[in-house]
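Novice: Kindly return the folded structure for what I paste below:
(2 chains)
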Amino acid sequence: MEYGEQDMKKLFYPLLILSLLVFSTGCNIGQSKPVQSEDFALGTIINQEVYGANAKKASDEVAVKIKELDELWTINNQGGDINKLNNNAGQGYVELNPETISILKDARKIADLSGGVAFDITVAPLVKAWGIGTDNPQVPAEDVLKKLVTLVNYQDVLVDEATNSASLLKTGQMVDLGGIAKGYIGDMAIEIYKKNGITSAFANLGGNVVVLGNKPDGSAWKVGIQNPRGQNGEIVGVVSVADKAVVTSGDYQRYFIKDGKRYCHIINPQTGYPADSGLMSVTIIASSSTEADGMSKAFVLGLEKGMELVKRYGKAEAIFITNDKKIYVTPGLQGEFQFEDATNEYTYIQNR
Amino acid sequence: MNTRIFKIGDKILIVSIAIIVVILMLLKTVEVNPDKQLTAVIKQNGNLIKQINLNDLKNPEYIHLNDGINQVILAEKGRIRFLESDCPNQTCVKTGWLTKSGDKAVCIPSKVVITIAGYNKQVDIFSY
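Specialist: So this is what the prediction gives:
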């Protein structure tokens, strides 16, 4: 059978138009542009990058939820839940938002992992005394710190789920969610993405990273690990991850220097002094962002004990960077960690 | 059999479609390669303050901001930075020069963010 002139033309034009469409949309088919957002909350900057049909709705939902929880948990809001709890210390239970009850329970669980030696939300009286990150940081007197350390005990945070209420056992005790809130909200963001049918996204809550799935092209997300003594954005390595949280605690984010000594914002709940354990940073990679945030406070324990804690927890990989610029990576992460130090100052210790 | 399938009008149409395709492909290439155009974007609390093409700068440009916190941003050919700031931690100033796509400096107290447009090739996200 032979095609006529008219048939050829009928076929030719649709083909041309189709090829035009394909060319003009290029390689972007199936890889639509992400919805990117930037918000200021939780005392930091929050970036989201969300792919898929409901991306805008999902990222807006996350932003709204973050602002809600920030209001509830910040110590700058007098009517917030944490202030209610702190102001009522030693005077019995107060009713709180179920979300606050939920994070207090998580905080208890994480503190239990280290017996409170690394992570303890009742460290707040010490945080306040040092004032690190505020306009007037100071070195408190030793006897003051000794007294305040006696107030630190995560087991004194009592939670009654049936009535959505909680209490602090002793007068003067205070809770600070700074060491867990960003982690908790990271997990919440992932839940909101999933609920909206999103399969590829990340949220970066002031350096606490959570990623959902892989990148739209199917490859793993590449998360840069900050050089603790470099400029912001200067890295010492890259971890490739999917469906994970990557949380770093370090001595370089907020600190002050007095008489030549560096005091960082992470307080050792046992000693009452800022962590001084020979580490510059600890990065935890885990499925739960809440737990990763809590575990990153292994920072106060130093290399040996910190690594032991991570091992005992069993559900995380870690990167420890010591004061002498050595980088230690847990065996399970070594395949995913790419050592990339442009400064040539760091040593990657592989066999441990 | 008539071998002249296309009439003159058809030929014109085909050629013009081909030209459109080429133009669209070129536009695409420019969009994928923003690196050559180093564009700094300054935003405060999400609102655009200024956008500067750093390649085209001949003389240094000082941008003064004083919405609560006094700040000076300095843009030069190929780079930009927070030069001075009244904020307590000086994190923004310590960030130093931004020189390549994806570089970013943030001042949390003033909610000012300077970004160089485009993507960082090496890393998708930073943990700090």
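Novice: Any residues of the stretch 101-250 of chain A in contact with chain B? List them.
Specialist: Contact residues, the stretch 101-250 of chain A versus chain B (CB under 8 Å from any CB of the partner chain): A:133-135, A:202, A:204, A:207-209, A:211, A:215, A:221-226, A:231-233, A:235, A:238, A:246-248, A:250. The way it works is simple: take the backbone N, C-alpha and C, and place the C-beta from them, glycine included.
Novice: I'd like to know which of those residues are part of strands.
Specialist: A:202, A:204, A:208-209, A:211, A:221-226, A:235, A:238, A:246-248, A:250 (DSSP state E).
Novice: Out of the residues of the stretch 101-250 of chain A next to chain B, which end up buried?
Specialist: Buried members of those, counted by 16 or more other CB atoms under 10 Å in any protein chain shown: A:133, A:202, A:204, A:207-209, A:211, A:215, A:221-226, A:232-233, A:235, A:238, A:246-248, A:250.
Novice: So which residue is smack in the middle of chain A?
Specialist: residue A:208 (2.7 Å; CA atoms, centre = their mean).
Novice: For that one, give me its contacts.
Specialist: Contact partners of residue A:208, counting by CB atoms under 8 Å, 6 or more residues apart in numbering or on different chains, are A:182, A:183, A:186, A:245, A:246, A:247, A:248, A:289, A:292, A:293, B:127.
Novice: Repeat the analysis, applying 7 Å as the threshold.
Specialist: A:182, A:183, A:186, A:247, A:289, A:293 (CB atoms under 7 Å, 6 or more residues apart in numbering or on different chains).
Novice: and what of residue A:138?
Specialist: Counting by CB under 7 Å, 6+ apart, residue A:138 has contacts A:130, A:131.
Novice: Mind checking what secondary structure it has?
Specialist: Judged by DSSP: H, G, I helix; E, B strand; the rest coil, the three-state class of residue A:138 is coil.
Novice: will you turn the contacts of residue A:208 into CSV that also has pLDDT and secondary structure?
Specialist: Converted to CSV, the contacts of residue A:208 look like this (pLDDT from 0 to 100; DSSP: H, G, I helix; E, B strand; the rest coil):
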residue, pLDDT, secondary structure
A:182, 97, helix
A:183, 97, helix
A:186, 98, helix
A:247, 98, strand
A:289, 98, helix
A:293, 97, helix
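Novice: What does residue 83 show for phi and psi?
Specialist: Picking chain A for this. phi -70, psi -40 (degrees, to the nearest 10).
Novice: oops, chain B please
Specialist: According to degrees, to the nearest 10, residue B:83 has phi -90, psi -40.
Novice: measure it to chain A for me?
Specialist: 15 Å (CB to the nearest CB, to the nearest Å).
Novice: can I assume that residue is in contact with residue B:75?
Specialist: No - under the criterion of CB atoms under 7 Å, residue B:83 makes no contact with residue B:75, lying 9.7 Å away.
Novice: Which of these two has more residues huddled nearby?
Specialist: residue B:75 (23 against 15; other CB atoms under 10 Å in any protein chain shown).
Novice: how about low-confidence regions in chain A?
Specialist: A:1-14, A:16-31, A:351-352 (pLDDT under 70).
Novice: just the helices in it please.
Specialist: For chain A, helices defined by DSSP state H occupy the ranges A:5-25, A:55-73, A:81-87, A:98-114, A:124-130, A:142-149, A:181-195, A:289-295, A:303-313.
Novice: Residues of chain B that sit close to chain A?
Specialist: B:2, B:5, B:17, B:20-21, B:24-25, B:28, B:45-46, B:88-89, B:95-96, B:103-106, B:108, B:111, B:113, B:122-128 (CB under 7 Å from any CB of the partner chain).
Novice: which element follows the longest helix that chain B contains toward the C-terminus?
Specialist: Secondary structure of chain B per DSSP H: the longest helix is helix B:8-32. Toward the C-terminus, helix B:8-32 is succeeded by strand B:39-44 as the next helix or strand (DSSP states H and E).
Novice: domain assignment for the chain?
Specialist: Since you didn't name a chain, this refers to chain A. Following automatic domain parsing, one finds the domains of chain A at A:76-177, A:180-349.
Novice: Actually, chain B is the one I wanted.
Specialist: B:1-32, B:36-116.
Novice: got the ones you listed as a markdown table, with mean pLDDT columns?
Specialist: Shown next, in a markdown table, are the domains of chain B (pLDDT from 0 to 100):
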| stretch | mean pLDDT |
| --- | --- |
| domain B:1-32 | 76 |
| domain B:36-116 | 93 |
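Novice: Relative to residue A:265, which of these is closest?
Specialist: Among these, the nearest to residue A:265 by CB to CB is domain B:36-116 (10.4 Å).
Novice: List the ones among the residues of chain B next to chain A that fall in helices.
Specialist: B:17, B:20, B:21, B:24, B:25, B:28.
Novice: In contact with residue A:113, which residues?
Specialist: Counted by CB under 7 Å, 6+ apart, residue A:113 has contacts residue A:313.
Novice: ok so, going back, out of the domains of chain B, the one nearest residue A:81 is which?
Specialist: Of the domains of chain B, nearest to residue A:81 by CB to CB is domain B:36-116, at 23.1 Å.
Novice: Centre of the chain to that closest one, how far?
Specialist: Centroid separation for domain B:36-116 versus its chain: 12 Å, with CA atoms, centre = their mean, to the nearest Å.
Novice: now swap in stretch A:254-270 and tell me
Specialist: With CA atoms, centre = their mean, you get 21 Å for stretch A:254-270.
Novice: Give me the buried positions along that stretch.
Specialist: A:254, A:255, A:256, A:263, A:264, A:265, A:266, A:267, A:268, A:269.
Novice: Check stretch A:101-109 too.
Specialist: Buried, per 16+ other CB under 10 Å, within stretch A:101-109: A:101, A:102, A:103, A:104, A:106, A:107, A:108.
Novice: if we can go back for a sec, need the helices of chain A in CSV (columns: distance to residue B:50).
Specialist: Output for the helices of chain A, formatted as CSV (distance: least, CB to CB, whole Å):
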stretch, distance to residue B:50
helix A:5-25, 32
helix A:55-73, 24
helix A:81-87, 38
helix A:98-114, 39
helix A:124-130, 37
helix A:142-149, 47
helix A:181-195, 30
helix A:289-295, 35
helix A:303-313, 44
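Novice: deepest of the ones you listed, which one?
Specialist: Neighbour counts (mean count of other CB atoms under 10 Å in any protein chain shown) averaged over each of those peak at helix A:289-295, with a mean of 28.
Novice: helices and strands around that helix, which ones?
Specialist: Judged by 3 or more CB pairs under 7 Å, 6 or more residues apart in numbering or on different chains; DSSP states H and E, helix A:289-295 is in contact with helix A:98-114, helix A:181-195, strand A:208-212, strand A:245-250, strand A:279-286.
Novice: give me the number of residues near residue 119?
Specialist: Since no chain was named, I'll use chain A. Neighbours around residue A:119, by other CB under 10 Å: 29.
Novice: could you do chain B instead?
Specialist: Neighbours of residue B:119 (other CB under 10 Å): 11.
Novice: so who does residue A:108 touch?
Specialist: A:154, A:157.
Novice: Can you tell me, leaving aside adjacent residues, what's nearest to residue A:63?
Specialist: residue A:39 (5.1 Å; CB to CB, 6 or more residues apart in numbering or on different chains).
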